[in-house]
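Peer 1: Next come a sequence and a model predicted from it.
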Amino acid sequence: MVVLAGQAGDRELALKGHAWCHIASLAESDPVALDAALDAYEACAVELGQARYQWYALTRRTMRAILAGDLDTADVLSRAALASGRSKGRATPSLSSAAR
């Protein structure tokens, strides 16, 4: 999906493909692939400049920090996601503060 989206020049579809890649890497318990998929997703989100994708990237970074046991970073990221989501009308306290 990511390759075909790239060939077609569809950055939004590529972003969605990277989201599927990070889900697959979670299912496979592959932290290296997870980090690569999250990096690629985040790069697409920044390139597209859409707040909802950037908010989602923050929530996935929060998840990754929790999985790594880095709760201090998870707390910082969850607060950033909450602030970002609230400013764009996207986040709810129950969703973004679940990491705390």
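Peer 2: Sure thing, it's come through. Residues are numbered from 1 along each chain as shown.

Peer 1: Quick one: residues contacting Y41.
Peer 2: Contact analysis of Y41 by CB atoms under 8 Å, 6 or more residues apart in numbering lists 15, 18-19, 22, 53, 56-57, 60. All C-beta spots, glycine's among them, are computed from the backbone N, C-alpha and C.

Peer 1: Distance check, it against W55.
Peer 2: 12 Å (CB to CB, to the nearest Å).

Peer 1: Can you pull the domain assignment for this structure?
Peer 2: Taking automatic domain parsing as the criterion, the chain consists of the domains 1-49, 51-100.

Peer 1: Confidence-wise, which of those is weakest overall?
Peer 2: Of all the domains of the chain, the minimum mean pLDDT falls on domain 51-100 (a mean of 81).

Peer 1: How are the strands of the chain distributed by residue range?
Peer 2: Using DSSP state E, no strands are found in the chain.

Peer 1: can you give me the helices for it?
Peer 2: Secondary structure of the chain (DSSP state H): helices at 2-8, 11-27, 31-48, 51-67, 71-88, 93-96.

Peer 1: Looking at these, which one is packed in the most?
Peer 2: Highest mean neighbour count of the helices of the chain: helix 51-67, a mean of 19 (counted as mean count of other CB atoms under 10 Å).

Peer 1: Quick one: residues contacting the closest residue to L71 other than its chain neighbours.
Peer 2: Nearest non-adjacent residue to L71, counting by CB to CB, 6 or more residues apart in numbering: A65, 7.4 Å away. By CB under 8 Å, 6+ apart, the contact set of A65 is 71, 73-74, 77, 99.

Peer 1: and with 10 Å instead?
Peer 2: 71-78, 99 (CB atoms under 10 Å, 6 or more residues apart in numbering).

Peer 1: Can you tell me which of the residues you listed comes closest to E28?
Peer 2: Among the contacts of A65, A74 lies closest to E28 (CB to CB), at 22.0 Å.

Peer 1: A83 versus the spatially closest residue to the closest one that is not a sequence neighbour, what's the distance?
Peer 2: Spatially, and ignoring its direct neighbours in sequence, A74 is nearest to A65 (3.8 Å; CB to CB, 6+ apart). Computed as CB to CB, the A65 to A83 distance reads 16 Å.
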